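Student: attaching a predicted model along with its sequence, questions to come.
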Amino acid sequence: MSLPYKKGVRACEQNITNEHYYRVNILNVVIDFQLAELDNRFPDDSLELLVLSATLDPRDNFVAFKSEDVCNLALKFYPEDFTSYDLSTLDMECGFFVANILADPRFVNTSSVSDLSRQLVESRKSAFFPMIYRLICLVLTLPVFTATTERAFSSMNIIKSRLRNKMEDDFLDDLMVLYIEKEFADSVDNDSVI
């Protein structure tokens, strides 16, 4: 790796080593390509949602918890679920939440947001922090929504083929629900439908 880099048969004009070529030139191009691909795949809103949701992560004694991020998460992404009174209550709850949770030994082994939600219910602290608990429940629905969206797009490619491209939207919606929820549709017998 310490030998001079050769491009083809002769040595490169830049007088760089093989290690420098592979570490700097090639690696930087690959990292730039991956970052560009991630930027294309995740729009700014999705990225901001993930960053703000990470504030609820209980690992390392809630080191990522910031009350302004919690309030921004509720304000920007769940405006229909939180009134202005709820947002002010959420802000007040954030002031007491981390200190209260860290003082409780039942939350010591909490390592994920779903564990946090479960522990809040079991310890009945969800009643003391209802707005934070509501926000945690809303954040926990994100993976379900993402999986459902991916299944919907893959099933739409199967259902709406080139030969069936003039299908009405309502009929397409009905077919997609039946296709996505195959297990449920198979459990209903034809006689009860008729």
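Tutor: On my side now, so go ahead.
Student: and the residue lying closest to S2 once chain neighbours are set aside, what does it touch?
Tutor: The shortest distance from S2 to any non-neighbouring residue, by C-beta to C-beta, 6 or more residues apart in numbering, is to T17 (5.5 Å). For every residue, glycine as well, the C-beta is placed using N, CA and C. T17 makes contact with 1-5 under the criterion C-beta atoms under 8 Å, 6 or more residues apart in numbering.
Student: right, and F77 touches V51 too?
Tutor: No. Between F77 and V51 there is no contact under C-beta atoms under 8 Å: 11.3 Å.
Student: burial count for the closest residue to M131 other than its chain neighbours?
Tutor: The shortest distance from M131 to any non-neighbouring residue, by C-beta to C-beta, 6+ apart, is to L90 (3.9 Å). Residue crowding around L90 was assessed by other C-beta atoms under 10 Å; the count is 23.
Student: just confirm L90 is within a helix.
Tutor: Yes. Under DSSP: H, G, I helix; E, B strand; the rest coil, L90 sits within a helix.
Student: quick revisit: in terms of neighbours, single out the busier of F77 and V51.
Tutor: Set F77 next to V51 and count neighbours by other C-beta under 10 Å: F77 wins out with 19 against 13.
Student: quick one: pLDDT of the residue nearest to S2?
Tutor: At T17 the predicted local confidence, pLDDT, stands at 80.
Student: report the beta-bridge partners for it.
Tutor: Note on T17: beta-bridge partners by DSSP bridges are P4.
Student: from D115, how far off is it?
Tutor: From T17 across to D115, the span is 49 Å (C-beta to C-beta, to the nearest Å).
Student: low-confidence ranges, the chain, go.
Tutor: Within the chain, the ranges that satisfy pLDDT under 70 run 5-14, 41-43, 143-157, 161-164.
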